[in-house]
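In: I'll drop the sequence and a predicted model, then ask my questions.
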Amino acid sequence: MLKIFPLHILIPVVIARQYFNEEPSYTEVNPGAAAVLTCSVAEKSRSSECIWQQDRLPVLLQAGKYEWAGQREAGDCSIRILRANIAYDDGTWECQVTSSSYQAVDGLSSSPVKLVVRQPPGEPRIYRDDGSFTSEGPISLPVGKEEVLRCESRGGNPAPTISWFIDNKELKSDQRNETELGDSKRWTAVSNLVYTFSREQNGKKIRCSVHHEALTRNVRERSLTLDIQYPPSVKLERSPESKEVEDGVDSVTLSCVADGNPKPDIVWRKLGQSSIFRVEEELSFKPVKKSDSGTYICLARNEVGASDEITATVDVKYPPTKVKTDPVNFIDLEVGDDTVLTCEGDGSPEPEFEWNQKIDSSPSSGDDNTVYSRGKGRVINLRNVTYEQEGLWRCSAFNEIKGTERKVHSEVLRIGVSGKPLPMALKLEERNGHSYTAPLGQEAVLSVAFCSDPPPRKLRWEWGSLKLIQGQSRGRFSVPELDPVKKKDCYSSKLRIDDAGSQDERTYYLVAENDRGVLRSGVRLSVRDPISMVTVIGIAISGLLLIVLILLLIVFARRSRRCCFKDKGDYEPHDIRIERREEIAESDVERLSDGQTSSLQEQRTFPLLTGLGHEVTYQGHAGVGRPIPAPLGPLALYAAPRKTPQNVDRLGQDEDQPDLILPKKVRGTPTMYADLQFPKSSNFGSMKRKGRGDLTQPRHQIHPKDTTEYAKIKFSPKQSERAEL
């Protein structure tokens, strides 16, 4: 029997080494929730087992608490932790895998990881640096000083994150976390804020915010109102804004607006007074009085400090008051005295002063209401007093309020003047009153006005060795009674002279005398013809000016060649044609044939240029037997002065001539006409004027026996010169 033996082939077995594909990681879970710690092993052996440790102690898997989360045979060693509890589950967890055999050294142990069972933190609390609890009510902090605030939150797991905010602006802070005593699984978080607060942050909210995942909205806050304390500052408000107010009319309100914390107290003082004027925010003056004028000082104080002082000036305007003069009512002066008048008055703004005088009128002239200004200023000096200062004086004080002038007058001061007679002051237009000019043969009236108080008791006119008392007359001279003038105590004395002549030219003197003295005032009389020297001089000057004007017009017309000085032509040598021909004597006509006659009448023409207008021909002749003159050169045409042509024929345009001679142009003053210096005719006298039809003689005409030579000059004048030709 055939035995079959099995053949065993030995195949080597290769076993892979196991390793972690994914290790567990830090995990947080809310209380009561489930958490999965992941642990994945690659090349896990079937004989290897998964083990979990908490805080280095093995964990027993129990249904409903600790369960496998995956297929261990596939290498998933993850664990699911149900109903997480900080007391049992919070701690350090490790995933371990046993070796595949006792011979293999491939056991695994993961790094410890933290499983945190979250615990919400407690309410945050805010403390000051001194440890006082300030979570209730506003927090008072000084301005400009560095302050430290602390925010704490206890019992949280893990420790929460704390942030500081003023309104929505986050502030930089430092945080530290500490475990609570006896419970390492709960934390206390502390955040310190170091900050310098400003007055602008007063009244704003400061917040301490705690962030934690276990919280319902992930955040818990504590906010406080900032009570920033700072010293006061003040500003002034004025109503109305205009600083110009009038006494008894306007109202003024001054407001001292203070900004400070705590609320400051406001104090008003008036400059110049030591006591407190008022303790309130507003000062009201309704209506304002001039006694309210002054400078007011406002000051605010609180527990932190005091403000700077601020001033407000109330300047009450009022019209001038208490205007009076010194002396008062009446003053009596002598002629030549000196005195000082003073005006007093009060007002705001400071008034200006003006002195006015009303002249006393004489009873017969009626009342004169004219008022004269005598000067400005508080004081006026009257020196060497005359009767002009006599009258009613008044001082006026005026200022301006709100663009309107306010004027107040003093009581009237009467000034009386007495003394010797004085000449009455003359107006500006009467300053020549001490001289008088009378027409020859007419009446001359000399007048002198003077003032005298008491009135004059003696009055006379004197000239030379003659005297004439008031009310008398002598020959052509008479002195009428005094004429009163408008001014009180003033008079006018006149001397009348009939048929005044040159022998009356002299100075006449009025002599007035009263108990205080004598006045001697002279008037110069001049007698002139009706036609004054001024009139004669005026006529002479007018005639001279007329002559000069005529001469200037003549010179202008000559230079501009106008009127009778217009140019007669501006001819050049080439504007002239010279024609010369011969005539035979009458006795030779019969024996000359037509052709010979034509040949004897030889014509030569010297044209220069054909101008505008007609041609003018001049002809001349010479005696029988005289040689025919040679053609004239260009200088012969201009050698003599200008002459008016005696024989002028107006011809049409010149026909072409066979023989033309063009003389050269002559520089210098142009000559209109040429003196040709023709020889005198021996038998025919003066030169003949020939028309264009005379140039060619009929064959049957009988000529003189002697040959006559003619010369014809043709020139073409310009258009403007035709009328002259």
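Out: The structure has been received and is ready for your questions.

In: just confirm residue 536 is within a helix.
Out: Yes - secondary structure of residue 536 (DSSP: H, G, I helix; E, B strand; the rest coil): part of a helix.

In: look up how far residue 545 lies from it.
Out: Using C-beta to C-beta, to the nearest Å, one obtains 15 Å as the distance from residue 536 to residue 545. C-beta: built from backbone N, CA, C; applies to glycine.

In: do residue 109 as well
Out: For residue 109, the distance to residue 545 - C-beta to C-beta - is 143 Å.

In: do the same with residue 281
Out: In this view, residue 281 and residue 545 are 88 Å apart by C-beta to C-beta.

In: more neighbours, these two?
Out: Set residue 281 next to residue 545 and count neighbours by other C-beta atoms under 10 Å: residue 281 wins out with 17 against 10.

In: mind checking the SS state of the closest residue to that one other than its chain neighbours?
Out: Excluding the flanking residues, the one nearest residue 281 by C-beta to C-beta, 6 or more residues apart in numbering is residue 266, at 5.2 Å. With three-state DSSP as the basis, residue 266 sits in strand.

In: could you list every residue that touches residue 266?
Out: By C-beta atoms under 8 Å, 6 or more residues apart in numbering, residue 266 lies in contact with 234, 256, 258, 279, 280, 281, 298, 299, 300.

In: close enough to count as contact, the fourth one and residue 268?
Out: Yes - contact between residue 279 and residue 268 holds when scored by C-beta atoms under 8 Å: they sit 7.2 Å apart.

In: so which of the two has more stuff around it?
Out: Counted by other C-beta under 10 Å, residue 279 and residue 268 do not tie: residue 268 has more neighbours, with 19 against 9.

In: who does the more buried one form a beta bridge with?
Out: For residue 268, the beta-bridge partners under DSSP bridges are residue 278, residue 298.

In: what about it, distance to residue 313?
Out: 13 Å.

In: looks to me like residue 137 is in a helix.
Out: No - under three-state DSSP, residue 137 sits outside any helix and is assigned coil.

In: what score does it have for pLDDT?
Out: Per-residue pLDDT puts residue 137 at 75.

In: what about it, neighbour count?
Out: Counted with other C-beta under 10 Å, residues neighbouring residue 137 total 9.

In: tell me who's in contact with it.
Out: Taking C-beta under 8 Å, 6+ apart as the criterion, residue 137 is in contact with 224, 225.

In: again, only using 10 Å
Out: 224, 225, 227 (C-beta atoms under 10 Å, 6 or more residues apart in numbering).

In: now do the phi/psi pair for the closest residue to the second one other than its chain neighbours.
Out: It refers to residue 225. Nearest non-adjacent residue to residue 225, counting by C-beta to C-beta, 6+ apart: residue 138, 4.1 Å away. With angles defined as degrees, to the nearest 10, residue 138 sits at phi -70, psi 160.

In: ok, the host helix or strand of residue 210: who's next to it in the sheet?
Out: Here residue 210 sits within strand 205-211, counting by DSSP states H and E. The strands beside strand 205-211 in its sheet (DSSP bridges) come out as strand 161-166 (antiparallel), strand 219-239 (antiparallel).

In: now the shortest one: buried residues?
Out: Within strand 161-166, the residues that count as buried by 16 or more other C-beta atoms under 10 Å are 161, 162, 163, 164, 166.

In: ok now it, how far from the chain's centre?
Out: How far strand 161-166 lies from its chain's middle: 58 Å, per C-alpha atoms, centre = their mean, to the nearest Å.

In: what's in contact with that strand?
Out: 121, 124, 126, 149-153, 170-177, 189-193, 195, 197, 201, 204-212, 219-221, 223, 226.

In: also stretch 25-38?
Out: 21-24, 52, 67, 69-70, 76-86, 89-90, 93-95, 110-111, 113-120, 157-158, 213-214.

In: going through those residues, which ones are buried?
Out: Buried, going by 16+ other C-beta under 10 Å: 22-24, 52, 69-70, 76-79, 81-82, 84, 86, 89-90, 93-95, 110, 113, 115-120, 157-158, 214, out of those.

In: show me where the protein has helices.
Out: Remark: helices assigned in the chain by DSSP state H are 533-559, 594-600.

In: list the buried residues for the longest one?
Out: Yep, that's helix 533-559 we're talking about. Across helix 533-559, burial judged by 16+ other C-beta under 10 Å covers no residue at all.

In: residues contacting the residue nearest to the spatial centre of the chain?
Out: Central residue of the chain (C-alpha atoms, centre = their mean): residue 403, 25.5 Å from the mean position. Listed by C-beta under 10 Å, 6+ apart, the contact partners of residue 403 are residue 244.

In: so what pLDDT did it get?
Out: On the pLDDT scale, residue 403 is placed at 90.

In: re the thing from before, and the helices of the chain as CSV, adding mean pLDDT and distance to residue 509?
Out: CSV is the format used below for those (pLDDT from 0 to 100; distance: least, C-beta to C-beta, whole Å):
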stretch, mean pLDDT, distance to residue 509
helix 533-559, 87, 28
helix 594-600, 41, 113
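
In: I'd like the ones you listed as JSON lines, with distance to residue 408 appended.
Out: As requested, the helices of the chain are arranged in JSON lines below (distance: least, C-beta to C-beta, whole Å):
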{"stretch": "helix 533-559", "distance to residue 408": "54"}
{"stretch": "helix 594-600", "distance to residue 408": "127"}
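
In: from residue 314, how far out is the residue nearest to the centre of the chain?
Out: Distance from residue 403 to residue 314, by C-beta to C-beta: 20 Å.

In: what's the answer for residue 246, then?
Out: Taking C-beta to C-beta, one finds residue 246 at 12 Å from residue 314.

In: anything in contact with each of those two?
Out: With contacts defined as C-beta under 10 Å, 6+ apart, the residues shared by residue 246 and residue 314 are residue 288.

In: look at residue 66 and say how many residues are nearby.
Out: 18.

In: so residue 506 makes contact with residue 500?
Out: No - applying C-beta atoms under 10 Å as the test, residue 506 and residue 500 come out as separate, 11.2 Å apart.

In: what about these two, which has more around it?
Out: Higher neighbour count among residue 506 and residue 500: residue 500, with 24 against 12, using other C-beta under 10 Å.

In: for that one, grab phi and psi.
Out: Residue torsions, per degrees, to the nearest 10, at residue 500 are phi -60, psi 140.

In: which residues touch it?
Out: When contacts are counted by C-beta under 10 Å, 6+ apart, residue 500 touches 436-445, 476, 525-528.

In: just the buried ones from those, in PyMOL syntax?
Out: Buried subset of the contacts of residue 500, written as a PyMOL selection, criterion 16+ other C-beta under 10 Å:
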select buried, resi 436+438+444+525+527
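
In: closest to residue 493 among the contacts of residue 500?
Out: Residue 493 lies nearest to residue 445 out of those, by C-beta to C-beta, at 11.1 Å.

In: what touches both of residue 506 and residue 500?
Out: Listed as contacting both residue 506 and residue 500 by C-beta under 10 Å, 6+ apart are 525, 526.

In: about what we covered before: which of the contacts of strand 161-166 are buried?
Out: 121, 124, 126, 149-153, 173, 177, 189-193, 195, 197, 201, 206-212, 220, 226.
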